[in-house]
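Enquirer: one predicted model, sequence on top.
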Amino acid sequence: MKVLIIEDEALAADRLLKLVTDAEPNTEILGKLESVRSVVHWFNTNTKPDLIFMDVQLADGLCFEIFDQVKVDTPIIFTTAYNEYALKAFKVNSVDYLLKPIDKDELLSAMAKFKKHTAAGSSASQIDTLILNKVKSMLQNPYKTRFVVRIGEHIKAVSVDDISFIYSSEKSTLIRTASGRDFALDGSIDQIANEMDPAKFFRVSRKYLVAIDHVSDIIAYSGSRLKLLMKGIEDDEIIVSREKVAEFKKWLEGN
């Protein structure tokens, strides 16, 4: 089987290559590409692979720009940290849609699905039905379920259930876990707030977005504001701004 890997993060590409070759030792990796431009050039100068692993966000844009510039009729297993692109992926030869960090068992399942339907000569519409069912399931929960963070040279997945709060500091956005660890995120707190489940997270001020399950106490504070204490965390003073207090109380009640 000839496989092409399209991934702009070197560590993620190397890990994916190892997972694929461990699963299928006879796999021939035709290349590792990191940009829309390089992929378009590759398809214009090479014969098509049997299977593509494709990240959504590449070095110079979204992978969907590729399909506007070159014909790609090879089956694709998408790999990404975001589930909001699942519907678009469904429209372009998708076999499966895996969320990072890639789980070994999920990858094996996706490859087995590809081999089964290729061997059976399944039509594109039959494969489309499989991915559509998965997309429908993912879209039932359109909010973030985990973040991919870097720890030195390593990559780690942090579940949103483990996040006590998200905050901005000196032009950076960070998460604070229940264990008190901080991890940097890509994107502004405004962008991230839109990706979080509003039933679980509330923007109490310009700086803080808090998780209701990690609030241990709420204290009346000066100027008609509220002070929040978070479970297991003592060194942060999180204040609900005056203009947010009424909305915050409704949020606590589930309204």
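Expert: Perfect, I can see it now.
Enquirer: quick one: contacts for the nearest residue to Glu34 once chain neighbours are set aside?
Expert: Distances taken as CB to CB, 6 or more residues apart in numbering place Asp8 nearest to Glu34, at 4.0 Å, with adjacent residues excluded. C-beta coordinates here come from the backbone N, C-alpha and C atoms, glycine included. By CB atoms under 8 Å, 6 or more residues apart in numbering, the residues touching Asp8 are 34-35, 55, 57-59.
Enquirer: in terms of distance to Met196, which of the residues you listed ranks first?
Expert: Nearest to Met196, judged by CB to CB, of the contacts of Asp8 is Gln57 at 19.0 Å.
Enquirer: please name the strands paired to the host helix or strand of Leu229 in the sheet, noting orientation.
Expert: Assigned by DSSP states H and E, Leu229 belongs to strand 225-230. As defined by DSSP bridges, the strand partners of strand 225-230 come to strand 215-221 (antiparallel), strand 233-240 (antiparallel).
Enquirer: who's in contact with the longest one?
Expert: Spelled out, it's strand 233-240. With CB under 8 Å, 6+ apart, strand 233-240 has contacts from 164-165, 167, 176, 178, 180, 204-205, 208, 210, 221, 225-230, 248.
Enquirer: among those residues, name the buried ones.
Expert: The neighbour-count test (16 or more other CB atoms under 10 Å) applied to the contacts of strand 233-240 identifies 164-165, 167, 176, 178, 204-205, 208, 210, 225-226, 228-230, 248 as buried.
Enquirer: tell me where the protein has helices.
Expert: Counting by DSSP state H, the segments of the chain that form helices are 10-23, 36-45, 86-90, 104-119, 124-139, 189-193, 245-252.
Enquirer: quick one: contacts for Leu19?
Expert: 102, 104, 107.
Enquirer: count of residues packed around Val160?
Expert: When counting by other CB atoms under 10 Å, one arrives at 19 neighbours for Val160.
Enquirer: what of Val70?
Expert: Val70, neighbours per other CB under 10 Å, totals 13.
Enquirer: once you drop chain neighbours, what's closest to it?
Expert: Val70's closest residue in space is Phe43 (CB to CB, 6+ apart), at 4.6 Å.
Enquirer: so Ile166 sits against Phe201, correct?
Expert: Yes: here Ile166 reaches Phe201: they are 7.5 Å apart, a contact under CB atoms under 8 Å.
Enquirer: between these two, which contacts overlap?
Expert: 193, 209.
Enquirer: might you report the residue contacts of Lys71?
Expert: Contacts of Lys71 by CB under 8 Å, 6+ apart are Phe43.
Enquirer: run through the stretch 1-150 of the chain and note the low-pLDDT ranges.
Expert: 82-94, 117, 119-142 (pLDDT under 70).
Enquirer: hang on, the earlier thing: now flag whichever of the contacts of Leu19 is closest to Thr145.
Expert: Ile102 (14.9 Å).
Enquirer: which phi and psi does the closest one have?
Expert: phi -60, psi 130 (degrees, to the nearest 10).
Enquirer: many thanks, we can stop here.
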